[in-house]
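Asks: All I have is the shape, not the residue letters:
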């Protein structure tokens, strides 16, 4: 249903550019009516938006929120895993380390980036970049957007489980400020590996869950087709997670999703990141680590 | 008396199909005397198999799971399992001694929802790790788990962060953590505390990995080779220090404790 609404909106907006007078007025009214239907979305509709092919990717966030990005490739052990993008950049003139899952905007890119599903090397690159951030006292900002780590043979041979475990360990004691932003899909341990942060922000229509809804339905009910039902019972929306205290703030999106007006999301996020970085920069390393420990220690107590 | 008259007191090994007396099977800690296959060991039996007799005192037994998502049928499922297994949750934690050396120990029990990790498992482990840190005791965890507890959703996922933070904090304080991987250890447990030991041991033939074999086969569209993700495979790929048969586990743990100065100088 959300799919049809969005495609009708696309059509109307394309026509608005070339229509005048009463006909234009009618189109505007139709648009309003369609947007009104996007005001209250179900969990399944939000998951649809979280996976929307035009949803802003990490490249866009880096381009819009940072300057002077310098990409750092490779895990220094095996290979470069392009499903993780990371490097150094300036945020309002201050150096930070930026790391996130990378999805593509078309099929070719998605194949190249393995649909944002990292292997062990991706998570070892994450560790390398975080250790370096600590050495040079740079805050770390992560962008989470993955269905999960890649369940393949090579990933298992190279210990993707161990690589994620070490990310969790490392992040829990990092001595610099850390902020994670769940921008699209927050699927499973492969997402959490970038998520043990001082502040966790989440876009309004992103999801964050123990598994993808399909994987969840498949494990519990042996039926991946019961995705819609899974979306409801999993409590995976930003609103649910804010209620559980798993995330700190919801970043609002334009009605109909971030892909409709990405600039509005960039501005909201920019303000939130500045605010939290200012707050966290005022804390010494010991206080940061202790507060982060308490934050995760109290989840599900 | 004819052999058949013993009836139910015989156990058939699921691996080699040879029969063994119940008493023999139990005395051998569920390892087949004929083929050496390691079958599942309950948490209480595991504690008996490695700790000094009478040394165990449970910690955190009051920590129960709840139903954070309001998941349909979950509270009833927990209740049924508690009755059926006699366990409150999928892990037992406590303090015991190995050759007189006090240790904090946690043992997962796969009879309880495949020993999946929910809030009770995460909380019991975190309390145990903090106890070890505060008491300067070594930590031994016998891992076995299907991964995250689906019915607890995101709260289950966050237990990976909680246990990892607790172990990282313990490690930074100089604590010794020995992780023992038993059949099966997968998913979110493999991707958190199971993989964070200073020493990693594994029982022979255990299935150890992040993604389950069925998920991998569906993803890549082919059958996995024999032995994929087993203990021997994990050792070959560099993720396990040593594979230790159940019969040698107690003496191996005792040796590792001595090698880290416990029971020798630190008493």
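Replies: Here it is on my side, so go on. The shown structure was predicted, so the numbers you read here are calculated from the model rather than taken from an experiment.

Asks: What are the boundaries of the helices in the stretch 201-301 of chain A?
Replies: For the stretch 201-301 of chain A, the helices defined by DSSP state H, counting those that start in this stretch cover A:213-221, A:227-234, A:238-244, A:262-281, A:285-297.

Asks: Tell me which of those sits nearest to residue A:250.
Replies: The stretch from those with the least distance to residue A:250 (Cβ to Cβ) is helix A:238-244; that distance is 4.6 Å. Yep, even glycine has a C-beta here, placed from its N, CA and C like the rest.

Asks: can you redo the helices of the stretch 201-301 of chain A as CSV with mean neighbour count?
Replies: Shown next, in CSV, are the helices of the stretch 201-301 of chain A (neighbours: other Cβ atoms under 10 Å in any protein chain shown):
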stretch, mean neighbour count
helix A:213-221, 20
helix A:227-234, 20
helix A:238-244, 18
helix A:262-281, 16
helix A:285-297, 17
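
Asks: Break down the stretch 1-150 of chain A into its strands, ranges please.
Replies: For the stretch 1-150 of chain A, the strands defined by DSSP state E, counting those that start in this stretch cover A:67-71, A:84-91, A:94-101, A:140-146.

Asks: Just name the most buried of the ones you listed.
Replies: Highest mean neighbour count of the strands of the stretch 1-150 of chain A: strand A:140-146, a mean of 28 (counted as mean count of other Cβ atoms under 10 Å in any protein chain shown).

Asks: Give me the secondary structure label for residue B:40.
Replies: Three-state call for residue B:40 (DSSP: H, G, I helix; E, B strand; the rest coil): coil.

Asks: wait, doesn't it sit right on residue B:183?
Replies: Yes: here residue B:40 reaches residue B:183: they are 7.0 Å apart, a contact under Cβ atoms under 8 Å.

Asks: all helices of the stretch 1-150 of chain A, in order?
Replies: For the stretch 1-150 of chain A, the helices defined by DSSP H, counting those that start in this stretch cover A:2-16, A:21-36, A:43-50, A:58-65, A:107-112, A:120-135.

Asks: so where's the longest strand in chain A?
Replies: Of all the segments of type strand in chain A, defined by DSSP state E, the longest one is strand A:178-187.

Asks: could you say what helices and strands that strand packs with?
Replies: On a contact count with 3 or more Cβ pairs under 8 Å, 6 or more residues apart in numbering or on different chains; DSSP states H and E, strand A:178-187 meets helix A:58-65, strand A:140-146, helix A:188-192, strand A:199-203, strand A:207-209, helix A:262-281.

Asks: gap between the longest one and the chain center?
Replies: Meaning helix A:262-281. Remark: helix A:262-281 is offset 15 Å from the chain centroid, using Cα atoms, centre = their mean, to the nearest Å.

Asks: do the third one as well
Replies: Using Cα atoms, centre = their mean, the mean C-alpha position of helix A:188-192 is found 11 Å from that of the whole chain.

Asks: swap in the first one?
Replies: Taking Cα atoms, centre = their mean, the mean C-alpha location of helix A:58-65 is offset from the chain mean by 12 Å.

Asks: buried stuff in that helix?
Replies: A:58, A:59, A:60, A:61, A:62, A:65 (16 or more other Cβ atoms under 10 Å in any protein chain shown).

Asks: Please name the bridge partners of residue B:93.
Replies: Beta-bridge partners for residue B:93, by DSSP bridges, are residue B:59, residue B:106.

Asks: Is it in contact with residue B:62, as I believe?
Replies: No: the pair residue B:93 / residue B:62 is not scored as a contact, 11.6 Å apart, by Cβ under 8 Å.

Asks: Who has more neighbours out of the two?
Replies: residue B:93 (28 against 9; other Cβ atoms under 10 Å in any protein chain shown).

Asks: can you pull out the helices in the stretch 51-200 of chain B?
Replies: Under the criterion DSSP H, counting those that start in this stretch, the stretch 51-200 of chain B carries helices at the ranges B:74-85, B:119-135, B:153-172, B:187-190.
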